[in-house]
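Asker: Please work out how this folds:
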Amino acid sequence: MRHKDEFLKSTYCRKRAMEKAKIIIIAVLVLAIALTGYFYKKDSSESAKPLKIGVVTPLTGGVAYWGESTKIGFDLAQQELRDEGINVEFIIEDGQLDPKIALNAAQKLVNIDGVRAIFSEFNPAAISITSFTKDKDVLHLYNAAPVSPLVESDNVYKSYLDYEYSCEKTATLLKNRGVNKVGMLKANLEFGDLCLKGVKKVFKENTYVESYNPGNTDFRTLLTKLASNDVEAIFNISFQPETLTSLKTMDELGIKATFVGLSETITPEIVADYAKALEGSIMFGLPSVDEEFIVKVKAAYPDKTIGANQAIAIAYMHAKQLANALDKCSGDIACAKEKLDVLENDSIIGFTGFQNRIAGFQTLIQEWQDGKFIDITK
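Answerer: The predicted structure follows:
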């Protein structure tokens with residue numbers, strides 16, 4: 001009897017132990033399922049968050065036509081990237097061609113919006129934004145002439161033309177045409193110094209310079225001084241308001257020297273008003289935009305006024321480059337840089353890749369003849 005009781009007791013204990021084990025196993029499974037669901041939801045939530053890239057470009061002021069065109073380029077790129085499965089958001093801020101405003105915009109984009117990269121435009125923004133991002137884990141790709149930001153950080157990339165080379169090449173063309181003395185209205189910004197350096201390589205002491213601060217468009221005295229030196233060409237590689245005022249003032253003063261400027265400043269909207277002053281002028285700038293791309297833009301935005309096709313093309317191209325690089329690298333900056341460094345040529349606007357973090361473009365030199373630009377690049 002006693003043995004029977006012990007057997008029953010032993011059997012009961014084993015059953016209890018098995019039941020406890022089952023409960024523990026079930027609890028572990030439930031916990032595992034719960035944790036799996038939690039992390040799945042977390043991962044899904046993370047993947048649902050868009051990749052954020054900031055854009056700082058002038059949307060108001062004298063070069064707003066360029067910024068509005070840039071905006072079109074980023075908008076078109078965003079639509080196509082999302083169709084390709086890349087969830088990207090471009091957050092666009094108005095830099096107003098003002099270094100302080102551009103800096104504030106960059107601080108907001110990084111500290112509040114959490115962007116992984118910033119695309120900025122023009123000399124003031126390029127320099128001020130780099131001063132902020134240089135110690136941040138953020139890419140900065142600027143579309144402007146200065147080269148000094150590249151020294152500040154390895155995370156900085158430059159687009160647009162090489163001003164020293166472009167001004168030297170244009171000056172050489174003038175020299176070959178028999179020009180002996182040139183003048184320059186030099187903006188007191190880095191791009192002005194770069195252009196002057198290029199021109200002086202060709203004309204040396206026969207280069208006459210009058211400097212001005214950006215925003216100043218009263219050039220009558222400065223142009224009169226340059227003309228008194230019998231210069232045969234006058235450079236003013238600057239923003240659109242300064243370019244147009246130079247042309248107009250030279251025409252009013254009867255100065256016959258060839259005007260040399262930047263072709264991107266001559267937009268369709270202003271041609272009619274400046275046709276006379278433009279005649280015979282020489283402009284250098286980015287390569288022509290692919291015609292198929294222009295057709296695509298017009299089809300996508302039939303009611304939009306296109307200010308600058310080059311701005312749209314540059315923005316569209318770099319938007320895709322940045323988004324693809326960051327997406328493939330899950331936002332890792334070092335990895336994204338490796339992707340950017342091996343980019344192939346892009347025919348949209350003659351991009352030839354990045355060399356030492358500088359985008360390669362061929363300088364296009366044109367002359368205004370009988371109401372249109374003629375390619376005179378040698």
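Asker: What distance do you get for the most centrally placed residue in the chain to Leu253?
Answerer: To find the centre residue of the chain, average its C-alpha atoms and take the closest one (Cα atoms, centre = their mean): that gives Asn143, at 3.9 Å. Note on Asn143: its distance to Leu253, by Cβ to Cβ, to the nearest Å, is 34 Å. C-betas here are computed from N, CA, C, even on glycine.
Asker: Make sure I have this right: Ile374 is in a helix.
Answerer: No: residue assignment for Ile374, taken from DSSP: H, G, I helix; E, B strand; the rest coil, gives strand, which places it outside any helix.
Asker: Which residues are in contact with it?
Answerer: With contacts defined as Cβ atoms under 8 Å, 6 or more residues apart in numbering, the neighbours of Ile374 are 366-368.
Asker: Turn those into CSV, including secondary structure and pLDDT.
Answerer: Formatted as CSV, these follow (DSSP: H, G, I helix; E, B strand; the rest coil; pLDDT from 0 to 100):
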residue, secondary structure, pLDDT
Gln366, strand, 98
Glu367, strand, 98
Trp368, strand, 97
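Asker: Run a quick neighbour tally on the residue nearest to Glu264 when sequence neighbours are not counted.
Answerer: Ranked by Cβ to Cβ, 6 or more residues apart in numbering and with sequence neighbours excluded, the top spatial neighbour of Glu264 is Gly285, at 4.9 Å. Other residues within reach of Gly285, judged by other Cβ atoms under 10 Å, total 22.
Asker: And Ala299, by the same measure?
Answerer: Counted with other Cβ under 10 Å, Ala299 comes out at 8.
Asker: same deal with Lys276?
Answerer: Around Lys276 there are 9 other residues, counting by other Cβ under 10 Å.
Asker: quick one: it and Glu252 touch, right?
Answerer: No: proximity of Lys276 to Glu252 does not meet the contact threshold set by Cβ atoms under 8 Å, at 10.8 Å.
Asker: can you pull the contacts of the residue nearest to the centre of the chain?
Answerer: Contacts of Asn143 were listed using Cβ under 8 Å, 6+ apart, and they are 119-122, 159-160, 314-315, 318.
Asker: repeat that for 6 Å
Answerer: If you count contacts by Cβ atoms under 6 Å, 6 or more residues apart in numbering, Asn143 has them with 121, 159-160, 314.
Asker: for it, which residues make a bridge with it?
Answerer: Legend: beta-bridge partners of Asn143 under DSSP bridges are Glu121, Ser159.
Asker: Can you give me the distance of it to Asp137?
Answerer: Taking Cβ to Cβ as the measure, Asn143 falls 22 Å from Asp137.
Asker: Next: His318.
Answerer: Using Cβ to Cβ, one gets 20 Å for the distance from His318 to Asp137.
Asker: neighbour-wise, which of these two wins?
Answerer: Applying other Cβ under 10 Å to His318 and Asp137 shows that His318 carries more neighbours, namely 27 against 12.
Asker: Next, the contact list for that one, please.
Answerer: The contact partners of His318, taken as Cβ under 6 Å, 6+ apart, are 119, 141.
Asker: State the pLDDT value of it.
Answerer: Per-residue confidence for His318 comes out at a pLDDT of 98.
Asker: quick check, distance from the helix or strand harbouring it to the centre of its chain.
Answerer: With the criterion set as DSSP states H and E, the secondary-structure element containing His318 is helix 309-328. In terms of Cα atoms, centre = their mean, to the nearest Å, the centre of helix 309-328 is found 8 Å from the chain centre.
Asker: And that helix, what's buried?
Answerer: Neighbour-count burial for helix 309-328 flags 309-327 (criterion: 16 or more other Cβ atoms under 10 Å).
Asker: ok, now stretch 186-205?
Answerer: Buried residues in stretch 186-205, defined by neighbour count with 16+ other Cβ under 10 Å: 186-187, 189-196, 198-200, 202-203.
Asker: any idea how far that stretch is from the chain center?
Answerer: Its chain's C-alpha centre lies 24 Å from the corresponding centre of stretch 186-205 when counted by Cα atoms, centre = their mean.
Asker: mind saving the C-alpha coords of that stretch as CSV?
Answerer: These are the backbone C-alpha positions of stretch 186-205, laid out as CSV (Å, rounded to 0.1, in the frame of the first residue of the first chain):
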residue,chain,number,x,y,z
LYS,A,186,35.3,91.9,-59.7
ALA,A,187,32.8,90.9,-57.0
ASN,A,188,34.3,90.7,-53.6
LEU,A,189,33.6,87.0,-53.2
GLU,A,190,35.8,84.0,-53.7
PHE,A,191,34.5,83.4,-57.2
GLY,A,192,35.6,86.9,-58.2
ASP,A,193,39.1,86.2,-57.0
LEU,A,194,39.2,82.8,-58.9
CYS,A,195,38.1,84.4,-62.2
LEU,A,196,40.7,87.2,-61.8
LYS,A,197,43.4,84.7,-61.2
GLY,A,198,42.5,83.0,-64.5
VAL,A,199,42.3,86.2,-66.5
LYS,A,200,45.7,87.4,-65.2
LYS,A,201,47.4,84.2,-66.3
VAL,A,202,46.6,85.4,-69.9
PHE,A,203,46.7,89.2,-69.8
LYS,A,204,49.0,89.7,-66.8
GLU,A,205,49.6,93.5,-66.2
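Asker: This completes my enquiry, with thanks.
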